[in-house]
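S.K.: I would like to see how this sequence folds:
(one chain, ligands or ions: 1)
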Amino acid sequence: MLKSNIDRSTGFERRFENAGSVVYENAEQASKAVAKEIADLIKVKQAQKQPCILGLATGSTPKGLYAELVRLHKEEGLSFKNVVSFNLDEYYPMEPDSIHSYVRFMKELLFDQVDILPENCHIPDGTLSKEAIASYCDQYESKIKAIGGIDLQILGIGGNGHIGFNESGSLKNSKTRLVALDHITRVAASGDFGGLDRTPRTAITLGVKRIMEAKRVILMAWGERKADIIKSSVEGEVTNQVPASYLQEHNNATFVLDQAAASRLTRIETPWLVEKVTWTDKLTRKAVLGLALKIDKPILMLTDADYIENGMSDLLADSGPAYDINIKIFNSLQHTITGWPGGKPNADDSNRPERAEPAKKRVLIFSPHPDDDIISMGGTFKRLQEQGHEVHVGYQTSGNIAVADDEALRFAHFVCDYNEKFGIENKKANTIYKKALKFLQNKKDSEIDSPEVRHIKGLIRKGEARATCHFVGVPDSQIHYMELPFYETGTIEKKPIGEEDIQITMDLIEKIKPHQIYAAGDLADPHGTHKVCLDAVFEAMKRLKPKEFMDDCWLWLYRGAWQEWGVEDIEMAVPMGPDQVLEKRKGIFKHQSQKDGVVFQGSDSREFWQRAEDRNKETADLYDQLGMARYAAMEAFVRYRY
Ligand code: F6R
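M.R.: Okay, the predicted model is just below:
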């Protein structure tokens, strides 16, 4: 069994965490560990000639787990013949063969790939009449009870703390039932369903009572987005507002986390409150900045008493008095601020984030989608160009699935009308656009776009990216559309990174031989496009490392549209004045297909330019709060030493 951090006999870490948790380097390693526990249990049960009753979940979280179980079956002969499974939930209404059904999900990812007997797989039925649901749910529970209850229950967690589809407010003794889905849950699912309107409002879910009766429960969570809810579930009070917090009362439940999902737990976020730590420079900076922000004082105003009263007296004993520590941290933060992201020519650069030489640098900005460059680092992008560097942009993917159908329809109509009006006889072009037009006019819900439509959508985004580059002043010869193949599936589900993606990335780096590379550093996003794009950059740079030009190539990471770096991690902060903020806004406006409600809105209803402005202002506010100079906005970067 996975060893959790809580040793129940000594009460280790009981001070903050009320449920067991294990943290792994990444989701892949964590999934493998969970798969191993399941495999061991299946084998023990086989030896005892007993069935192994598994409670299974769907969603993005368990995909790696199922892939590993399939591998164990195919490569190591693990048999599932004695497994009986009960899935947590299904949308209602839902046809089993719909691309959205959990039946289809389970078949594709697990059941059809292992030797489990079809009659042993149970998933709530989304096709029943409403009247039939209550008695069906009773039967579902009876079946679980009759076979002896669930041996091991796998769970994911929703942004509101739901387990199964037991949303906030679900009681601890809730039964298996039809539930209304929370707005947050529907928004999270709306990407898969192609919009909120098309996302189901109800589902059938196993109740909390049966989940709590499972002999063993493993809740898995990956990525930064889950960090807050994991903290509430593990360290907060037990409340029906966060159903996952009920697991604190289970005697054999473990939260299995990757580093990002665990990042807000006290022992990770402020380890000095839990155990004796070695005060490295990095940890000291994190602790001091956290202290200043917590008690709302600029760094230079912190006193010995502030350190002592906030659990940092050993730091004071090590490196105090407060004044000395304050000055050191103040200076290190001060040195991150620069209006010269490409380095300041003829200046002493010993305390600047970038080198002064060469004065004119070749810069390559990698943008996962066609608008990440301007959204996430538009101010810096513009400065680099204005300060005379040779700025190239590599658009890593076409971004075509984020264009709404009516937008594509508008362009298809435009071309068809234009051709007709001016009698343009290019047969091939006419056929492509007419075909696309017809497809779009008859497109069914969540049907995958035809290649012609995808092409049009890609062209729309290319045009927008080009418009932004021209606005910034970058010539066509420095715009590179990479169209990485991993992205081109036509669906939200992408292919894994492939050799071709890495090769295209290597070729571009080699062609430009940049002194600076900027890339979207969403290290913790387990499945998203940004992470795959970043992996391609990392792998390409690793392979190119022996080349001489790479000795001079620095890699700077910016964050995607959703979050900013923690202030303790920032190594370069590029400030902006009010006018520069407005300029950046105009640059973002070039992405017309991403305005006024986008296909992948997420739970944040702000437009991209608003998110970018709020976030850049927040960073400037933080610096101001910490006692630095006051700016209107700031873009933040971390240097990656590869
Ligand atoms: C799925 C389920 C849900 C998910 C949760 C997290 O069967 O019951 O509770 O586990 O919504 O979803 P992902 O893993 O997609 O973040």
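S.K.: Identify the residues contacting the residue in the stretch 51-200 of the chain that the ligand sits nearest to.
M.R.: Per CB to the nearest ligand atom, G156 is where the stretch 51-200 of the chain lies closest to the ligand, at 2.4 Å. C-beta coordinates here come from the backbone N, C-alpha and C atoms, glycine included. By CB atoms under 8 Å, 6 or more residues apart in numbering, the contact set of G156 is A57, T58, G59, S60, T61, P62, I163, L219, M220, A221.
S.K.: mind checking how far it is from D318?
M.R.: Using CB to CB, to the nearest Å, one obtains 41 Å as the distance from G156 to D318.
S.K.: Strands along the stretch 151-300 of the chain, start to end?
M.R.: Taking DSSP state E, counting those that start in this stretch as the criterion, the stretch 151-300 of the chain carries its strands at 152-155, 177-180, 202-205, 216-221, 253-258.
S.K.: How many residues are close by the closest residue to P578 other than its chain neighbours?
M.R.: In space, not counting the residues next to it along the chain, P578 is nearest to A632; the distance is 4.7 Å by CB to CB, 6 or more residues apart in numbering. A count of neighbours around A632, defined by other CB atoms under 10 Å, yields 17.
S.K.: and if you look at T278?
M.R.: Around T278 there are 6 residues (other CB under 10 Å).
S.K.: Quick check: it vs K328, distance?
M.R.: Separation of T278 from K328 (CB to CB) stands at 17 Å.
S.K.: go on, G195?
M.R.: 51 Å.
S.K.: go on, G339?
M.R.: Applying CB to CB, the value for G339 to K328 is 24 Å.
S.K.: show me the contacts for F411.
M.R.: I456, L459, I460.
S.K.: Kindly indicate the member of those with the most neighbours.
M.R.: Neighbour tally across the contacts of F411 (other CB under 10 Å): the maximum, 25 neighbours, falls on I456.
S.K.: Which helix or strand lies directly C-terminal to the host helix or strand of that one?
M.R.: In the assignment (DSSP states H and E), I456 maps to helix 451-472. Remark: after helix 451-472, the chain's next helix or strand is strand 479-481, criterion DSSP H and E.
S.K.: What pairs with that following strand, parallel or antiparallel?
M.R.: Partner strands and pairing direction for strand 479-481 (DSSP bridges) are strand 390-395 (parallel).
S.K.: Tell me which residues of the helix or strand just after the partner strand come out buried.
M.R.: Moving toward the C-terminus from strand 390-395, the first helix or strand encountered (DSSP H and E) is helix 405-421. Judged by neighbour count (16 or more other CB atoms under 10 Å), helix 405-421 contains these buried residues: D405, E407, A408, L409, F411, A412, V415, C416, N419.
S.K.: How about stretch 495-514?
M.R.: By neighbour count with 16+ other CB under 10 Å, stretch 495-514 contains the buried residues I497, D501, I502, I504, T505, M506, L508, I509, I512, P514.
S.K.: do the same with stretch 227-244
M.R.: Judged by neighbour count (16+ other CB under 10 Å), stretch 227-244 contains these buried residues: 227, 229-236, 238, 240, 242-244.
S.K.: which residues touch that stretch?
M.R.: Among residues not part of stretch 227-244, those counted as contacts by CB under 8 Å, 6+ apart are 16-19, 21, 155, 157-163, 166-172, 208, 219, 221, 245-249, 255, 257, 260-266.
S.K.: just checking, which of those residues belong to helices?
M.R.: Judged by DSSP state H, helices contain the following of the contacts of stretch 227-244: V208, A260, A261, A262, T266.
S.K.: related to what we said a few turns ago, filter the contacts of stretch 227-244 down to just the buried residues.
M.R.: Burial of the contacts of stretch 227-244 was assessed by neighbour count (16+ other CB under 10 Å); the buried members are 17-19, 21, 155, 157-158, 160-163, 166-168, 170, 208, 219, 221, 245-248, 255, 257, 260-266.
S.K.: picking that back up, among the contacts of G156, who's most crowded?
M.R.: Tallying neighbours with other CB under 10 Å puts I163 at the head of these, with 29 neighbours.
S.K.: quick one: that residue and G207 touch, right?
M.R.: No - under the criterion of CB atoms under 8 Å, I163 lies out of contact with G207, with a separation of 10.3 Å.
S.K.: Now E141: closest residue in space that isn't a chain neighbour?
M.R.: Leaving out its chain neighbours, E141 is closest to T176 (CB to CB, 6+ apart), at 5.1 Å.
S.K.: tell me the domain boundaries of this structure?
M.R.: For the chain, the domain assignment from automatic domain parsing gives the residue ranges 11-267, 276-334, 362-400+458-640.
S.K.: pLDDT on the longest one, on average?
M.R.: Spelled out, it's domain 11-267. What domain 11-267 shows for mean pLDDT is 95.
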